[in-house]
Structure formats: C-alpha cells, structure tokens
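Peer 1: predicted coordinates and the sequence they were generated for:
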Amino acid sequence: MTAVLKANGLGKRYGRKWALSECTLAIPAGKVVGLVGPNGAGKTTLLHLSVGLLPPSTGSISVLGARPGTTSRQLARVGFVAQETPTYAGMSISDHLRLGSWMNPSWDAKLAEDRLARLGLDSHQKAGEISGGQRAQLALTLAVAKRPELLVLDEPIASLDPLARREFLQGLMEVVVEHGASVILSSHLVADLERVCDYLVVLVDSRVQVAGSIEELLATHYRLTGPRRDANALPSDQQVIGESHTDRLSTLVVRTDKPVLDPSWSVEQLDLEDLVLAYMSRALEQDRRPKLEVRP
Amino acid sequence: MIEFHLDARSGVAPYQQVVQQVRHALRLGLLEVGDQLPTVKEVVTSLAINPNTVLKAYKELEHLGLVAARPGIGIFVTKTLSDDSLAAHGPLRQSLQRWLSQARRAGLDEESIEALFRDVIRSSFSEGVA
C-alpha cells in the first residue's frame, strides 16, 4: 500500500532544542490518523513539516510520494487547517470562498457553497462575527473545497464546545466518505479521536512512542495483574510498556502478538485511552532517568 | 429504518456495537427481510465515526448472511433472527412487566432486579432447566 506520509529519521531543531527527533513513520493511505500527545510534544512541528511550512533539520519526509510544499501541484494535493482554525476576521464568508477559488486551481466552488448552505452560514457575514464552531467549519470547508488527497488539521476541535465538536467531526467524516481523502488530525485528548480515527501516532517529548492501526494496537496490548514478580522474568515476546508494583501485586501493561497463557495473571484488554496513557507515562519515566549519553 | 448509537464506555468495539444492534433489531422483529440499512455515509455523518468502522460492521453482517448489498442501491436485510417464538413475546413481556412491578413493590431497585435476573438465568441455564 502506498504511504501517505513517510518519515525517515526526521528531526527539527530550534536553536539547541529538538522539537522533533528521530521520527520514522510510514502511514498508509486512506486512514484517518490521530496524532496524540501532550502540549509541547512536537505535534504542530510534525504537521508543519508535513505540509512544507517547515524544512527538516535532519532526515527526510515525503507526503503523497513527494517532498512537502515543493511544487504547486504538491501544494494542491494537501489541505491544511492550522491551529485555532484561522480565518480573516474582517472578510465576509463569500470573500473567503473567492480567495479560495483564486488561489486553488482545483477549487470546487459548488462543494464549498453546498457545504456552507447546509451549515446555515450566511455568506455576507464576516468571519469575525460567527461562532467558533462555525469558523472551524468555514476553515474546514476552505481546506476541503480544494479537493485535497490529504487533509491535515492541527487541533481542530480543541477550542470547540461539545456540540460544535460533534458537528465538526460529522462534517469531517462526511468528507472522508464522499471524497476518500486521507486525514491527519492532532489532539491532546485521545477521547476526541477514538471514534473517528483508525490509525494512531503517539508523540511525547519530541519522539514517536507508538504508531499503528488502532485495531491492531488494541488487539496486542494487555493489562496483566497478579502476584508480585519481576517484569524481566516475562516471556521474550512480551514487551513491557508500563509496570507498577505494591508489596504483593504487580500490574503490567505489555505488548505481544501472542496470547498470554500464564494462568497466574489476570488478563484484561486495554482501552485506547489507557494504552496511550501507558506510553505517555513510559516516555516521562525515561525522561526522568539520568541521561548517560553525551549529546554533541 | 434502524438508527445506531454508540456507547463509548461499554468496552465493546464500535463495529461490534453496530453488529449487535442489527442482530438485536432482527431478533425483536424491528428489522425484517427486505428492510434497508442506512448507508455508510448516513451512519458516518450521524455518529461522527470512522467509515471503516461501519464498513467492517456491514461486512460482518454480510458474512453472517443477515444482509446483502445491492450495488448502487443499498444494503438490505436478507434473513431474520426472529422465529415463531416472536408471537410469544407479547404475553411474555406482559408477565415480565407484572413481575417487575412486583419486584419494585418488594423494594428492589434496578440494580438488584438486574442482579437477581442474571443470577436466575445463569443458574437455570447451568441446571439445564431453561
């Protein structure tokens, strides 16, 4: 399957600080990808690299088989909605559409008008006068009407109320069904993404912690609870993601392709939120350990 | 037409919830042979869920022989799960309702009623009574 986004050893440095390091990803086409991580993890940096707003410091990235943002053809294939779903406050909605049609050769005016009509937006209104939810829908409409093969959205629903969130995600899923676009969207809340995404990338502290199809991730992660024991004594196919111990009990989160057969464990499936949390806490713990490596 | 809903806290995978809701409706006779299921687009936009979730659920239902796709038209129910016992549902429901009000009068709340009900089902099935 062709990759919609491929990164190899990708890194971005601001001064001495790495905002993204050693990022290697191969995201298949046709997915709705959730990029999850705490604030400051590097999500926006990765998205900006993928649309060509930033050049990489090291490594390489290709989106839809080409370097991001290099040609006008490449730009036309990717739709981007930046954080806070920015629009021009002083411009009317119809002016936004006109601007969109001037700047995009593949502009689908009918799609844009139909979508806004269905949302009940008055085209004479200024973008500064409509609600946050409507502004997010306007920004989505502008990105969709250029008929991109990939839509990239940076925290599109973070600032919306629950109803506007639901409406925005409904609109987004409709686009996926109708136009078959791939989507990458970021959020710091996994609960926001659980229903709409089928692929997950967890980014913590500038590094990708785990990436994969959600179905596969859920099928290969377990919580094991049982009498206290050393996590190093597990079978080699069980990778320990997290562990906590009391004086009698051990609770482990493990990743394995094989079933857990040891009868002394009680085995539970993890839900997506717990799975993401396990990777996040692991990343933070590794960060707290003394660093032995010397960076140049 | 059936309308789906998702329970995020149930721990059941979303596609399985859709499958279960169709099976449930078939068993209760709420869906019959020839009835159309909502299109993938309709389900996706009403629930705000990933299209692949719906596709997977519909594929599973097709695999179970419960529905079939007529290309370009839609997906239709081809088999029902309700049988002759459906006729007995009405009287059974009525006596169950009478039993429920009895239980409530005796001071049982919803949780105790469910617990009791499940317990009786479990023990009677294991004894082979039911």
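Peer 2: In hand now; what should we look at?
Peer 1: now the stretch 151-296 of chain A against chain B: closest residue?
Peer 2: Nearest residue of the stretch 151-296 of chain A to chain B: residue A:169, at 4.0 Å (C-beta to the nearest C-beta). Placement of C-beta: from N, CA and C, glycine included.
Peer 1: neighbours of that residue, how many?
Peer 2: If you count neighbours by other C-beta atoms under 10 Å in any protein chain shown, residue A:169 ends up with 25.
Peer 1: pull up the residues of the stretch 151-296 of chain A that are close to chain B.
Peer 2: Residues of the stretch 151-296 of chain A lying near chain B by C-beta under 8 Å from any C-beta of the partner chain: A:166, A:169-174, A:176-178, A:191, A:194-198, A:218, A:269, A:271.
Peer 1: stretch A:112-127: end-to-end distance?
Peer 2: End-to-end distance of stretch A:112-127 (C-alpha to C-alpha, to the nearest Å): 15 Å.
Peer 1: which residues outside that stretch are in contact with it?
Peer 2: With C-beta atoms under 8 Å, 6 or more residues apart in numbering or on different chains as the test, stretch A:112-127 has contacts from A:87-94, A:96-97, A:100, A:130, A:134-135, A:137-138, A:141-142, A:144-145, A:171.
Peer 1: now, those that are in helices?
Peer 2: Of the contacts of stretch A:112-127, the ones assigned to helices by DSSP state H are A:93-94, A:96-97, A:100, A:134-135, A:137-138, A:141-142, A:144-145, A:171.
Peer 1: now render those residues as JSON lines, adding neighbour count and pLDDT.
Peer 2: Below are the ones in helices among the contacts of stretch A:112-127 laid out as JSON lines (neighbours: other C-beta atoms under 10 Å in any protein chain shown; pLDDT from 0 to 100):
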{"residue": "A:93", "neighbour count": "24", "pLDDT": "92"}
{"residue": "A:94", "neighbour count": "16", "pLDDT": "91"}
{"residue": "A:96", "neighbour count": "21", "pLDDT": "93"}
{"residue": "A:97", "neighbour count": "20", "pLDDT": "92"}
{"residue": "A:100", "neighbour count": "18", "pLDDT": "91"}
{"residue": "A:134", "neighbour count": "22", "pLDDT": "90"}
{"residue": "A:135", "neighbour count": "23", "pLDDT": "91"}
{"residue": "A:137", "neighbour count": "25", "pLDDT": "91"}
{"residue": "A:138", "neighbour count": "23", "pLDDT": "93"}
{"residue": "A:141", "neighbour count": "24", "pLDDT": "93"}
{"residue": "A:142", "neighbour count": "24", "pLDDT": "92"}
{"residue": "A:144", "neighbour count": "23", "pLDDT": "92"}
{"residue": "A:145", "neighbour count": "24", "pLDDT": "93"}
{"residue": "A:171", "neighbour count": "19", "pLDDT": "90"}
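Peer 1: check contacts around the residue of chain B found nearest chain A.
Peer 2: Nearest to chain A, among the residues of chain B, is residue B:48, at 4.0 Å (C-beta to the nearest C-beta). Contacts for residue B:48 (C-beta under 8 Å, 6+ apart) come out as A:166, A:169-170, A:172-173, A:195-196.
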